[in-house]
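Student: one predicted model, sequence on top.
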Amino acid sequence: MNVRVRFAPSPTGYMHVGNVRTALFNWLFARGQGGVFILRIEDTDQQRHVEEAVEVITDGLTWIGMDWDEGPDIEGPYGPYFQSERLDLYHEHVDRLIADGGAYLCYCEAEGAAPESECHCRERHAAGDSLSPGLAVRLVNPGGRSEFDDIVGGHLSFENEQFGDYILVKSDGTPTYNFANVVDDNAMRVTHVIRGDDHVSNTPRQLMLYEKFGYERPKFAHLPQILGPDGARLSKRHGAASLTEYRDQGFLPEAFMNYLALLGWSPQGEREFMPPEELVAQFHLEDVRKSPAQFHIEKLVSLNSMYMETLEPGEKRRLASDALVKAGILDAESLGDPEMESYLDDIVEALGNRFRYGAQIVEFGAHFFADEVTIPVDLASYFAEDDVRCALAAAAESFENAPEWTEDAIESIVRGSASEAGLKAAPLIHGIRVALSGMTAGPSLFTLVRLVGPARSADRIRRALETFPAAAERK
Ligand code: GLU
């Protein structure tokens, strides 16, 4: 069988992580089977064609590395299919159903019936009826049961009556989701419908239509929900639930794809680091779990840092500079400068595996680009003791006058200043680190001082001493 699948998002302007995972499982399945992956924008509810909302979808898929194969443009590059451009097809189909007595015109809305009142339009059905402006169309519910074997959820069975004579085409002529979905899945010869399990109860509604049209039904695979760490459905409330936010935070697309693939799917074996080609080779719909998946940002971050290790230094620098520009810390013009490039390379190298995704350069390295640092008040105790203050002042002085600026030279200044003040090196090292970076952890202190430079280091130490007076003075 030639596998044909589709991703069918509505253009909401927002690409929820769960939707991206749905797209991914379709894409992985298609690519693994040598099949076709279709992108279909389900925009019949939209008042107007929302260009930007569609871009959110196509940019998101493209960023993560998912390409689609077909579209209404014969020449390619293929644009997605838009349901709003296919209204004639739905109308033709609904007329066929009306003519066969499988659907009927509904006059309730046109005649101003109260929305909660029972519809008796089925009885008004007459031979020769066809779609007419201002009238909705309802399905003749056949009763009985709809059953199917879900690839993920197993055998499912529903009493059809509960869905009533649901609406296929609204009075404004637009098809409802369930109707357009079936017409298109058939027209596009979709073999597998892979979507979120929030659509499970739509499936029997759709199966009634497959029966009426006499269409061969596709196979269904309903994917488990993605939950936040607290067990509730992943939402904006959990922080980043949209794809764009991860892209903006400087996550790597391969890492994000890898992490998403593990949400609801368990590869055979222990391996979790799986670049796209490997995911494609290993992915099987049968291995999708039935139980909900949980999104853990730490897991994504740790996978991302594994992918970061595979980057060339120049690529890491680009990730860092993108994040710094985005945060307004660097201006884009300064980037071409070779001195700035090597400074960035040094910083990235110094941060080592503290730099696990783009935006962390801002979190851990913004001070490298600042004139001054703000030290949180709860770190005041690093500057409280007289002997430490003495050593800090001496170190500042020696930094400024250092004849050479190497990490060895910096180390001997630091150790010398500490021992002159009768101190171990540690309290001085901690004090300098806080003064220079506003943080208690980071790269090697001697690397930190080297990168901040003699004048800025001395200046930051003096400012810290001014900002936080000695313990004795505060009493
Ligand atoms: N437009 C629907 C959605 O975004 C598509 C569901 C389906 O794949 O059938 O949820």
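Tutor: Good, I have the coordinates. Residues are numbered from 1 along each chain as shown.

Student: now Asp100: closest residue in space, sequence neighbours ignored.
Tutor: Lys212 (7.4 Å; CB to CB, 6 or more residues apart in numbering). C-beta here means a position set from N, CA and C on the backbone, and glycine is covered the same way.

Student: secondary structure element for the one you found?
Tutor: Under the criterion of DSSP states H and E, Lys212 resides in helix 202-213.

Student: could you confirm whether the helix or strand following that helix reaches the ligand?
Tutor: Counting by DSSP H and E, the next helix or strand C-terminal to helix 202-213 is strand 219-223. No: shown here: strand 219-223 not in contact with the ligand (CB under 6 Å from any ligand atom), separated by at least 9.6 Å.

Student: relative orientation of strand 219-223 and helix 202-213 in degrees?
Tutor: Counting by axes from the mean of the first three to the mean of the last three CA atoms, to 10 degrees, strand 219-223 lies at 170 degrees to helix 202-213.

Student: give me the low-pLDDT residue ranges for the protein?
Tutor: 47-49, 74-77, 471-475 (pLDDT under 70).

Student: OK, contacts around the most centrally placed residue in the chain?
Tutor: By CA atoms, centre = their mean, the mean C-alpha position of the chain lies nearest to Leu243, the distance being 2.4 Å. Contact partners of Leu243, counting by CB atoms under 8 Å, 6 or more residues apart in numbering, are 15-17, 20, 60, 63-64, 256.

Student: tell me which of those residues is nearest to the ligand?
Tutor: Nearest to the ligand among these is His16, at 9.4 Å by CB to the nearest ligand atom.

Student: what's across from that closest one in the sheet?
Tutor: Counting by DSSP bridges, His16 forms beta bridges with Ser242.

Student: number of residues surrounding it?
Tutor: 18 (other CB atoms under 10 Å).

Student: repeat for the one 4 residues further on
Tutor: Counted with other CB under 10 Å, the neighbours of Val20 add up to 26.

Student: again, but for Asn26
Tutor: Close neighbours of Asn26, defined as other CB under 10 Å, add up to 29.

Student: quick one: the nearest residue to it once chain neighbours are set aside and Leu28, what's the gap?
Tutor: What sits nearest to Asn26 in space, not counting adjacent residues and going by CB to CB, 6+ apart, is Val5, at 4.5 Å. Noted for Val5: a distance of 10 Å to Leu28, by CB to CB, to the nearest Å.

Student: what of Gln206?
Tutor: Distance, Gln206 to Leu28, by CB to CB: 24 Å.

Student: show me which of these two is the more surrounded one.
Tutor: Using other CB under 10 Å as the criterion, Gln206 and Leu28 rank with Leu28 on top: 26 against 22.

Student: name the element the more buried one belongs to?
Tutor: Assessed by DSSP H and E, Leu28 sits inside helix 17-32.

Student: any part of that helix near the ligand?
Tutor: No: judged by CB under 6 Å from any ligand atom, helix 17-32 stays clear of the ligand, getting no closer than 6.7 Å.
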